[in-house]
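Participant: Task: produce atomic coordinates for the following.
(3 chains)
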Amino acid sequence: MTPSLVDLGAILPELLIVGAACLLLVLDPITPSSKKDLLAWMSLGALALCFMVTIGDLNHRVLAFSDLVIIDPYAAFWKLLLYVISGMTILFSMTYLKEERIELAEYYGFILLSLAGMMIMVSGADLLTIYLGIELMSISLYIMAGFKRFEAKSIESSAKYFILGSFSSGILLYGISLLYGISGSTKLTDIAQAVTSRGFDDPMVLFATMFLIVGFGFKVSAVPFHMWTPDVYQGAPTSVTAFMAVASKAASFAAFLRVLLEGFGGVKPSWQGLILVLCIATIALGNIVAIVQTNVKRMLAYSSIAHAGYALIGIVVAGSVANGDPIASGGVSSLMLYLAIYSFMTLGAFAIVGILRRGGLEGEELDDFTGLSKRHKGAAFLMMIFMVALAGIPPTAGFMGKFYLFMAAVNAGMAWLAIIALIFAAISAFYYLRVVMVMYMREPSAAQENETRLAFTPTTSVVLACAIAGVIILGVFPGPLVSVTTSAVMSFP
Amino acid sequence: MFDLIVLLIPIFPLLAVISNGVFGARYSTEMAGRIAFGSVGLSFLCALGVLGYVVSDPTPREVIAYSWIYGGDLSVDLGFLIDPLTTVFLMVITGVGLLIHIYSTGYMHGEEGFTRFFTYMNLFMVSMLLLVMGNNYVVLFIGWEGVGLCSYLLIGYYYEKVSAGKAATKAFVVNRIGDAGFLLAVFLIFTEFRTLDYLKVLEQAPQLSTGMATAIALCLLVGAVGKSAQLPLYTWLPDAMEGPTPVSALIHAATMVTAGVYMIVRNHAIFDMAPIALTTVGLIGGITALFAATIGLVQNDIKRVLAYSTVSQLGYMFLACGIGAYTAAIFHVVTHAFFKALLFLSAGAVIHSLNGEQDIRKMGGLHNKIPITYKVFLIGTIAIAGIPPLAGFWSKDEIMAHAFIHHHYLLYAFAAIGALLTSFYMFRLTNLTFYGNSRVDPKVEAHIHESPKVMLVPLMILAGLSVIGGLLLGFPPEHGLLHSFLHDVATPLGATAHEMNVGLLLGLATFATLIAVSGWALARYMYLSNPGVADEWMQKYSGIYTTLLNKYYVDEFYDKIIVEPCKRLGEIWDCFDRKVIDRFVIGVGNMTDVSAAGITWTEKHVMYAGLNVIGYGHHLAALAWRKLQSGMVHHYAAIIIIGLAILVHVAFLWFTSATALGQ
Amino acid sequence: MAVPISYYVVLSGLVFLIGLVGVLTRRNIIVILLSIELMLNATNINFVAFSSYLGNLSGQVFVFFALTVAAAEVAVGLAIIIALYRHTTSINVDDFRLLKW
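Facilitator: This is a model prediction of the structure:
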């Protein structure tokens, strides 16, 4: 059976991205190093094209390739978000790679390949496609984490990520194989039927679910599967860290949610409690351990763990009632909103860390931020806004995201969960504001006084402008995005 | 027209923030100062216009800027509610704020970061205005967090001082604990009413069940306690004195800290439904009023005395709310804003003329060197001590009389003793600062000078308000201008007009005056007539004295039980990672070496894996643990597996108990 | 006489556990890589066994994909190991501890 044109049309954005990625890999060796930027622009062009195509998907639902792939508003929302994230990462990398002297256009190719993996993940209706997407994303990320190959830290982070990543996907795959044994298919809808009829009595179902939760828990860095996060985030090049922290997390959440709701929607009580445990542990550990960090990238890594914990609230809420209940849709849409907002805040914060990178200095230790307001007002101010937003203080978008999530929890009758999350969000102010304190309430040392050169170039400025606009505008006018997310979950179970 | 005026009130300071924040470096600092106080002045004019409208027609009006949050059945506007309560706060914030801004242009003159200072101050004004003008809880919350953030930035303004940064962080984190309570209340309100607009919520509030009303009210109270520095979350306010003095006057005396009172009065319909919550409010207020006053007795830093006095006076306002005397609470907010801003600003003038000296043991005899500052400070002292006819007397007496008449005798006793202490420590402060022999450092003494006009004029205006403010707004008691103005918004549900017993009221007023005067007399006796007495008592009651001087060791207590453990926890995880996981992993590894020969490699591993995954890992491993040799990747993988084991375990447990229940 | 399906499941479970314990206990990064391969192959046993048991081909199709992915993973993994070896001249994972607390 040959794929029909309809099928190919459905995955047109994926085809475009993969095509562009392959083209980049081919063009890279024959492009003089002075013109590498052209390739970056080319990949941005591909993204823009895909953005146009995917916007059309925001209001229809298609199943393609004998139900392996689903194109629905939910997937379209995530893809659009991923395009924006990738675009910002590429723009930011154009400067950052020069700072790090790793100007290889392959890099953009890998970003696109990993993006393609994420896109397949979010529109997978079958565990096979989801697994393939995860692997395409992960393998590209393993490579990108080690892109500073002359630096031991970077390679080490790449190796750790690789070992643990393939270890966890081995567990995930084992879970999938058990599910196949139960239902004779890897389609989410078939699995849903089999799981619902067998129930959790069956140890096979139970183990399979656990293995799946571990596999996805690893990707979204939920405690206790988070151990790789700080190490890998710290060692990887900052632009890659940003991409991992934002894009791969968003895509993994998207797939996780789809698998749980579509595949295991019938046995919600069985897994909802487990996710709840993970959620609380993640929020608690992420926030507490972040307090003692002195490396900003590590601190942001723990912060990203904590935020994954908040986002898990969305899954817990969606798992507390039957599919289709408005409360469940509220949980899903607030999770989508939260991750979109989180993307802007975190990308911005990592971009600031990245532009602090100066010859010889890492620019990622807390000490490197000392007295930044004296040296570079603009960078300090932007960093302050990002920190304030991550801490969830209004009127920034960070508050909006938390507001919707916690409201969803309260609506679902889990006010106590909102209390726990709120208390830890209060604690989080401590470490976020420490960065602000160091920047604004400390004198720079004599050596730092002269270090006023930051990697502020037109492209980084655009990235920062996008991030700050996202953080402020989504805080002050969240309306349009909220309507997009709420309408996107309409077709979702 | 009305809508436009209302919208302009927060917009003027916002424009000043943008102008000074973005282009501040392009023009002179004088210009920046002018823009800053000019914008507040314009807001003040607009607020006057609003006052005119509201006086002519006190029905609440809503002004909607745009629809802000929506989705599901949730819909929140960025909108403002203008009613008498809001208007009173608007007048205080813009009026006192304007005076403090003008004063600051003199006080901060020549400071590095002058423009930055005013940017933050204006940002504070914007947030504070949003806080009191919002027509729903979310807008209030923006202001609520915004003032907290500005307070943070301004406390840490003198960043060369390490203590300033710490104090700022402390203030913010403590406040966030309160904020968590407030946000929770907001969520509860939404689940109960499906709306967050004040007018709709408060209209439906009487249908609340007592339990729910109590829950909401207590959560709101947690927020109010954090913001208004009441027990047990008051510790940040005294530390906040690290900031510049105008900041202390504006944020930590006149406006931000009264936000808690505003919030309670705004929601009094909910509190009225929850007697337990109201009693709690009253008790917290009463105890705080007394507790903070005792600490104020022995402090030696001029600003810290005032800080504790602020905590104590806020306690009075809470007490008033707790006994349903909402109008009296607002009245006290207003008079307190006058005299406490006056006291702080004149304390700032003293500090300014002594070149930054804040220790009252190094002052004394200043009354003829800086006469104007002395006079205004004295007026402030008399006003706060509660000696008629100055402002403080009227509001404080009204609160105390209300407590007595409505049979809250315990609270009355707290308030009365607190009033005695207040009068005593304030006159002690005045005596030590302005009378007696000069203890000023000779080097500094040569340069003592009166402050410039730009600082003195606001002081005089505030002094005037402290003198006549009480009479103007609150005379005759309970039937003053303010009372009739606030009648519709601050009358407790189900309150009945009670017959005024003029004799009783006069008696209570006389008693209150007596208390205040005896505080003055005692201070005079101890610090002017017989200067040795104070030291003698200090020796005699050294135990109590040191306890008070160390503020009952509350800070140390919090450090020990909350701050330290939190930091420890992060380290413990590290330890757990190194020790426990190491043992687990190395145990598994080493067991392969020590196992008996003859068993094949595979069997061994499978056996151990089986045993370990089930959960005996650490048990076996402890035996085999030899030396700490760590391979980190293993740890991570091991933790994943431990996590998996726990998940399976928990799931089995739940599942079996669930089926058992089912059968 | 056909072998019962449970035999296959137990076999694959055992292989999976061997791989898992190998990852946990081995220090040589290449052996770790091999152990991960064991885990992946255990799933392949499952897929094939279930496929023939259920008389349904999609499991075998899945195995093709899983094998391809595993091959790609190993290719990248070995490249990373070589890069790592150039830095540390070691393939013992205990030597890679720059990134920690």
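
Participant: List the first helix or strand encountered after the helix or strand of chain B with the lowest mean pLDDT toward the C-terminus.
Facilitator: The helix or strand of chain B with the poorest confidence is helix B:617-624; it has a mean of 32 (mean pLDDT, DSSP states H and E). Next in sequence after helix B:617-624, counting helices and strands by DSSP states H and E, comes helix B:632-662.

Participant: tell me what that next one is packed against?
Facilitator: Identification of packing neighbours for helix B:632-662 by 3 or more Cβ pairs under 8 Å, 6 or more residues apart in numbering or on different chains; DSSP states H and E yields helix A:152-183, helix A:203-219, helix A:268-291, helix B:582-594, helix C:5-25. Using the backbone N, CA and C atoms, a C-beta is placed for each residue, glycine as well.

Participant: Least reliable of those helices by average pLDDT, please.
Facilitator: Lowest mean pLDDT within the helices and strands packed on helix B:632-662: helix B:582-594, a mean of 50.

Participant: In contact with the residue in the stretch 1-150 of chain A that chain C sits nearest to, which residues?
Facilitator: In the stretch 1-150 of chain A, no residue comes nearer to chain C than residue A:135, which is 4.6 Å away by Cβ to the nearest Cβ. Contact partners of residue A:135, counting by Cβ atoms under 8 Å, 6 or more residues apart in numbering or on different chains, are A:117, A:169, C:69, C:72, C:73.

Participant: Kindly confirm my reading that it is in a helix.
Facilitator: Yes - with DSSP: H, G, I helix; E, B strand; the rest coil as the criterion, residue A:135 is part of a helix.

Participant: how much space between it and residue A:173?
Facilitator: Computed as Cβ to Cβ, to the nearest Å, the residue A:135 to residue A:173 distance reads 9 Å.

Participant: For residue B:14, give me its contacts.
Facilitator: Neighbours of residue B:14 in contact, by Cβ under 8 Å, 6+ apart: B:122, B:126.

Participant: tell me which element it falls in.
Facilitator: helix B:2-23.

Participant: for that helix, what is the average pLDDT?
Facilitator: So the average pLDDT for helix B:2-23 ends up being 85.

Participant: Which positions in that helix come out as buried?
Facilitator: B:5-6, B:8-17, B:19-21 (16 or more other Cβ atoms under 10 Å in any protein chain shown).

Participant: and which of these is nearest chain C?
Facilitator: residue B:21 (38.6 Å).

Participant: What count of nearby residues applies to residue 391?
Facilitator: As the question left the chain open, I've gone with chain A. 27 (other Cβ atoms under 10 Å in any protein chain shown).

Participant: wrong one, I was asking about chain B
Facilitator: Neighbour tally, residue B:391, other Cβ under 10 Å: 33.

Participant: gap between it and chain A?
Facilitator: 35 Å (Cβ to the nearest Cβ, to the nearest Å).

Participant: per-residue confidence at that residue?
Facilitator: pLDDT for residue B:391: 82.

Participant: same question, residue B:608
Facilitator: For residue B:608, the predicted pLDDT is 41.

Participant: what do you get for residue A:388?
Facilitator: Residue A:388 is given a pLDDT of 90.

Participant: what's the answer for the one 10 residues further on, then?
Facilitator: Residue A:398 carries a pLDDT score of 89 in this model.

Participant: Just the element for it, please.
Facilitator: Using DSSP H and E, residue A:398 falls in helix A:397-411.

Participant: helices and strands around that helix, which ones?
Facilitator: For helix A:397-411, the packing partners by 3+ Cβ pairs under 8 Å, 6+ apart are helix A:296-320, helix A:326-355, helix A:377-390, helix A:415-440, helix A:458-476, strand B:61-71, helix B:137-155, helix B:162-193.

Participant: Make CSV from these and add mean neighbour count and distance to chain C to it.
Facilitator: Output for the helices and strands packed on helix A:397-411, formatted as CSV (neighbours: other Cβ atoms under 10 Å in any protein chain shown; distance: least, Cβ to the nearest Cβ, whole Å):
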stretch, mean neighbour count, distance to chain C
helix A:296-320, 27, 9
helix A:326-355, 26, 16
helix A:377-390, 23, 22
helix A:415-440, 23, 15
helix A:458-476, 19, 26
strand B:61-71, 16, 39
helix B:137-155, 26, 29
helix B:162-193, 22, 23
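
Participant: Was I right to think residue B:253 contacts residue B:337?
Facilitator: Yes - with contact defined as Cβ atoms under 8 Å, residue B:253 counts as touching residue B:337 (7.5 Å).

Participant: that older thread, and the helix holding residue A:398 with helix A:377-390, angle?
Facilitator: 0 degrees (axes from the mean of the first three to the mean of the last three Cα atoms, to 10 degrees).

Participant: could I have helix A:397-411 exported to CSV, CA atoms only?
Facilitator: Provided in CSV are the C-alpha atoms of helix A:397-411 (Å, rounded to 0.1, in the frame of the first residue of the first chain):
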residue,chain,number,x,y,z
ALA,A,397,3.1,35.6,32.4
GLY,A,398,4.6,33.3,35.0
PHE,A,399,1.8,34.3,37.3
MET,A,400,-0.9,33.7,34.7
GLY,A,401,0.4,30.1,34.0
LYS,A,402,0.4,29.2,37.7
PHE,A,403,-3.0,30.9,38.2
TYR,A,404,-4.7,28.8,35.6
LEU,A,405,-3.0,25.6,36.8
PHE,A,406,-3.7,26.1,40.4
MET,A,407,-7.2,27.2,39.6
ALA,A,408,-7.7,24.0,37.6
ALA,A,409,-6.5,22.0,40.7
VAL,A,410,-8.9,23.9,43.0
ASN,A,411,-11.8,23.3,40.5
